[in-house]
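**Student:** Pasting a predicted model and its sequence here:
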Amino acid sequence: MTVDLAIPKTPNLSPGAPRVRNRLRPVDYLLIGAGVLLIVVVLRLFRDMSVPWVPGDSAESVSTDPSNLPYYAARTTLRMFLGLGASLIFMLIVGQWAARSRRAEKVIIPALDILQSVPVLALVSITVTAFIAMFPGSYLGAEAACVFAIFTAQAWNMSFAYYQALRNMPRELDESARMMRLTRWQRLWRLEVPTAMVPLIWNGMMSFGGGWFMLASSEVISVSGRDQALPGMGSFIAAATSEANVGTLMLGALVMVLTIVLVNVLFWRPLTAWSERFRVEHTESASAPRSLVLDLLRHSTLPRRIGRALRPVSEGIDRAMRVFGRSTKPAYWDNSGTNAGDIVFFGLLFAGIGWVIWRLATYFESTVGFAEFGPTSLMGLASLSRVAVLLVFSTIVWVPIGVWIGMNPRICRFAQPVVQVMASFPAQFLYIFVIAALTYTGVSLNFGGVVLMALGAQWYVLFNVIAAAGQIPTDLREAMDDLGVHGRERWKSLILPAIAPGYLVGAITAFGGAWNATLVGEVVESGGKHMEAYGLGAYITEATTNDLFAKVLLGTVVMSIVTVFINRLVWRRLQRIAEKRFALL
């Protein structure tokens, strides 16, 4: 692991020597000013998010006045980072638990399979009433529902990435941690999180883009059958699309692209460059990523000052966390063997699942009737065919491109913001053009909808392949060069085995994300024109619009069953093979 252990030189502190005062540098004043400005903007936005509000009082759409775009972009960006923060906490807890406990894994991973495929509209419609009840008379209830919707577009992918990174952690590092008798807290922050840092940052970028992609579904929530639009870029997109105002829509697209690029330059790019120190290899890369913001931080004295001030707090937390014990057991549990505890646990689990199935069956019998399962299942098969086409296309196109970007840091420097913009671009921006193109060509949305679905799902494959290719140790690449292994043999012997675990994480999340993308790929509406494909996404969207909760739940259940079945039958088996045969242990 290439970690910079260089210690900065300290002034001569021998007795009688004059003390040298470490003064602030110009870059420190620049960072202080930027920090103060950021705090002022965030406090202003939080004030606007907590104003008094009663459901039904706000408009169903926001103003499309272009002068509001900077404010909308700021509101949306704050929600995105709140969702990202919640996703990080969820990821650390759930991913760690699933990777370290065989029983937990049997519950958590199928649950994540279901949750990543559950449409945002369904989750928001189920939870929005609870969030509004938590903050009665305040706009915070609607804001919390919106942040939760963004959270659902980010958390599952990040949790899968962290879980997979822990499962593929080099075993010698695990053994070293146990030999040094690290506490569980020390192991988490000194071994597990650093080891998973590169895939976490790339999947964090992808998840952040997924939040942008689902903005229109997140910022226009339905309360008691009536749409409530929250000020933001997503609601602006929905309003401009409904009015079929091309000029306003393109201006909104420009502001959104600028916002994404700014976030990339100020946040994601520095993290990507900083994460290079956590690459697990013996030979340092000849061309490491660079970041102007990271260079400024490294030339500033503020990080060191803040670090010294918080050191007592850090040491106190470290001592307090010793109550959780030390890391003495191997991180890799044995799949074989069953004990009495397992029998009791899984017995209770299956009993709980049976009870849930019985309750759902009783509910559906009294509402939509069992006859509705037939046509809904056929719609699920139609959507599954589109998902399969999307996944095959994503693999053929983006695997070689992702390897090329990931193995060339200079290319990655320029490709990263471009890829992130493409992954974040909401499909609603294209509705006007899609309707025009399909009308002109006579192509049905049953086929054209795959393109809109691909805008939100294909990038999971690309981002995970980039992260996996970037983690291929430099010494292995140099060994292949010395041996003269190039072309097809290099792909077969090094590249494909090395990226297999990362690709499978991307394929699994793309498979689940594609189901979510059916919401925007199977129903297109703009300027009074409506187009609809045959599939579950259209079924759930129509049921949500008409406030038919039973049908929303039925479509979600069918979608979850298909997702879990395919994941259990195909993806998890492939993932186990990749862990055993291709992990860089």
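**Tutor:** Thanks, I have the structure now.
**Student:** quick one: residue 514 from residue 148, how far?
**Tutor:** 22 Å (Cβ to Cβ, to the nearest Å). (Glycine included, C-beta is placed from N, CA and C.)
**Student:** Which one's more surrounded, the two?
**Tutor:** residue 514 (29 against 22; other Cβ atoms under 10 Å).
**Student:** And for residue 296, the neighbour number?
**Tutor:** Residue 296 has 15 nearby residues by other Cβ under 10 Å.
**Student:** Which residues are in contact with it?
**Tutor:** 27, 30, 31 (Cβ atoms under 8 Å, 6 or more residues apart in numbering).
**Student:** With residue 417 instead?
**Tutor:** With Cβ under 8 Å, 6+ apart, residue 417 has these contacts: 260, 261, 264, 265, 269.
**Student:** Likewise for residue 196?
**Tutor:** 161, 162, 165, 166, 169.
**Student:** The residues you listed, buried ones only, as a PyMOL selection?
**Tutor:** To isolate the buried ones among those in PyMOL, judged by 16 or more other Cβ atoms under 10 Å, type:
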select buried, resi 161+162+165+166+169
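**Student:** In helices, which of the contacts of residue 196 fall?
**Tutor:** 161, 162, 165, 166 (DSSP state H).
**Student:** What residues of whatever helix or strand residue 373 lives in count as buried?
**Tutor:** Under the criterion DSSP states H and E, the helix or strand holding residue 373 is helix 373-406. Within helix 373-406, the residues scored as buried using 16+ other Cβ under 10 Å are 376, 379-380, 382-384, 386-387, 390-391, 394-395, 398-399, 402-403, 405-406.
**Student:** what do you get for stretch 183-196?
**Tutor:** By neighbour count on 16+ other Cβ under 10 Å, the buried set for stretch 183-196 is 183, 184, 185, 186, 187, 188, 191, 192, 193, 194, 195, 196.
**Student:** want to throw those into a markdown table with pLDDT, secondary structure and distance to residue 505?
**Tutor:** A markdown table is the format used below for the buried residues of stretch 183-196 (pLDDT from 0 to 100; DSSP: H, G, I helix; E, B strand; the rest coil; distance: Cβ to Cβ, whole Å):
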| residue | pLDDT | secondary structure | distance to residue 505 |
| --- | --- | --- | --- |
| 183 | 82 | strand | 29 |
| 184 | 82 | helix | 25 |
| 185 | 85 | helix | 26 |
| 186 | 83 | helix | 27 |
| 187 | 84 | helix | 22 |
| 188 | 85 | helix | 21 |
| 191 | 85 | helix | 20 |
| 192 | 85 | helix | 17 |
| 193 | 88 | helix | 17 |
| 194 | 88 | helix | 19 |
| 195 | 84 | helix | 15 |
| 196 | 85 | coil | 11 |
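**Student:** Of all pairs in those, which one is the farthest apart?
**Tutor:** 183 and 196 (18.7 Å; Cβ to Cβ).
**Student:** Could you pull up the residues touching residue 545?
**Tutor:** Applying Cβ under 8 Å, 6+ apart to residue 545 gives no contacts.
**Student:** where does it land on pLDDT?
**Tutor:** On pLDDT, residue 545 comes in at 75.
**Student:** again with residue 42
**Tutor:** 92.
**Student:** Please compute how far the helix or strand hosting it lies from its chain's middle.
**Tutor:** Using DSSP H and E, residue 42 maps to helix 26-49. In terms of Cα atoms, centre = their mean, to the nearest Å, the centre of helix 26-49 is set 26 Å apart from its chain centre.
**Student:** mind listing the helices in the stretch 1-150 of the chain by residue range?
**Tutor:** 26-49, 69-100, 102-117, 120-134, 140-152 (DSSP state H, counting those that start in this stretch).
**Student:** can those helices go into TSV with extra columns for distance to residue 458?
**Tutor:** Converted to TSV, the helices of the stretch 1-150 of the chain look like this (distance: least, Cβ to Cβ, whole Å):
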stretch	distance to residue 458
helix 26-49	32
helix 69-100	21
helix 102-117	15
helix 120-134	18
helix 140-152	19
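**Student:** so which of the ones in helices among the contacts of residue 196 would you say is closest to residue 481?
**Tutor:** residue 165 (27.3 Å).
**Student:** of the contacts of residue 296, buried ones?
**Tutor:** Buried by 16+ other Cβ under 10 Å: 27, 31, out of the contacts of residue 296.
**Student:** Pick out the shakiest of the helices of the stretch 1-150 of the chain, pLDDT-wise.
**Tutor:** helix 120-134 (a mean of 74).
**Student:** so what does that helix touch, helix or strand wise?
**Tutor:** With contacts taken as 3 or more Cβ pairs under 8 Å, 6 or more residues apart in numbering; DSSP states H and E, helix 120-134 sits against helix 140-152, helix 215-219, strand 220-223, helix 496-521, helix 536-545, helix 549-566.
**Student:** Residue 124: which of the ones you listed is closest?
**Tutor:** helix 140-152 (4.9 Å).
**Student:** That closest one - contacts with which helices or strands?
**Tutor:** Using 3+ Cβ pairs under 8 Å, 6+ apart: helix 140-152 touches helix 69-100, helix 120-134, helix 215-219, strand 220-223.
**Student:** Can you tell me the centre-most residue of the protein?
**Tutor:** Nearest to the geometric centre of the chain sits residue 207, at 2.2 Å (Cα atoms, centre = their mean).
**Student:** List the contacts of it.
**Tutor:** Counting by Cβ under 8 Å, 6+ apart, residue 207 has contacts 84, 87, 153, 154, 155, 157, 158.
**Student:** count of residues packed around the residue lying closest to residue 88 once chain neighbours are set aside?
**Tutor:** Nearest residue to residue 88 in three dimensions, chain neighbours excluded: residue 158, at 7.3 Å (Cβ to Cβ, 6 or more residues apart in numbering). Using other Cβ under 10 Å, residue 158 has 26 neighbouring residues.
**Student:** From what I see, residue 158 and residue 89 are in contact.
**Tutor:** No. Applying Cβ atoms under 8 Å as the test, residue 158 and residue 89 come out as separate, 10.5 Å apart.
**Student:** tell me the most buried of the helices of the stretch 1-150 of the chain?
**Tutor:** helix 140-152 (a mean of 24; mean count of other Cβ atoms under 10 Å).
**Student:** Is residue 215 in contact with residue 233, as I believe?
**Tutor:** Yes. With contact defined as Cβ under 8 Å, residue 215 counts as touching residue 233 (5.8 Å).
**Student:** Now for those two: what residues contact both?
**Tutor:** residue 76.
**Student:** and the angle for the strand or helix carrying residue 344 with helix 373-406?
**Tutor:** Assessed by DSSP H and E, residue 344 sits inside helix 340-366. Calculated by axes from the mean of the first three to the mean of the last three Cα atoms, to 10 degrees, helix 340-366 forms an angle of 130 degrees with helix 373-406.
**Student:** Extract the CA atoms of stretch 411-424 and return them as PDB.
**Tutor:** Taking Å, rounded to 0.1, in the frame of the first residue of the first chain, the C-alpha atoms of stretch 411-424 are listed here in PDB:
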ATOM      1  CA  ILE A 411      -6.700  10.100 -19.800                       C
ATOM      2  CA  CYS A 412      -8.600   9.600 -16.500                       C
ATOM      3  CA  ARG A 413      -7.900  13.200 -15.500                       C
ATOM      4  CA  PHE A 414      -9.800  14.600 -18.500                       C
ATOM      5  CA  ALA A 415     -12.400  11.700 -18.800                       C
ATOM      6  CA  GLN A 416     -13.600  11.800 -15.200                       C
ATOM      7  CA  PRO A 417     -15.600  15.100 -15.400                       C
ATOM      8  CA  VAL A 418     -17.000  14.100 -18.800                       C
ATOM      9  CA  VAL A 419     -18.100  10.700 -17.600                       C
ATOM     10  CA  GLN A 420     -19.600  12.200 -14.500                       C
ATOM     11  CA  VAL A 421     -21.600  14.700 -16.500                       C
ATOM     12  CA  MET A 422     -22.900  11.900 -18.800                       C
ATOM     13  CA  ALA A 423     -23.800   9.700 -15.800                       C
ATOM     14  CA  SER A 424     -25.600  12.600 -14.100                       C
END
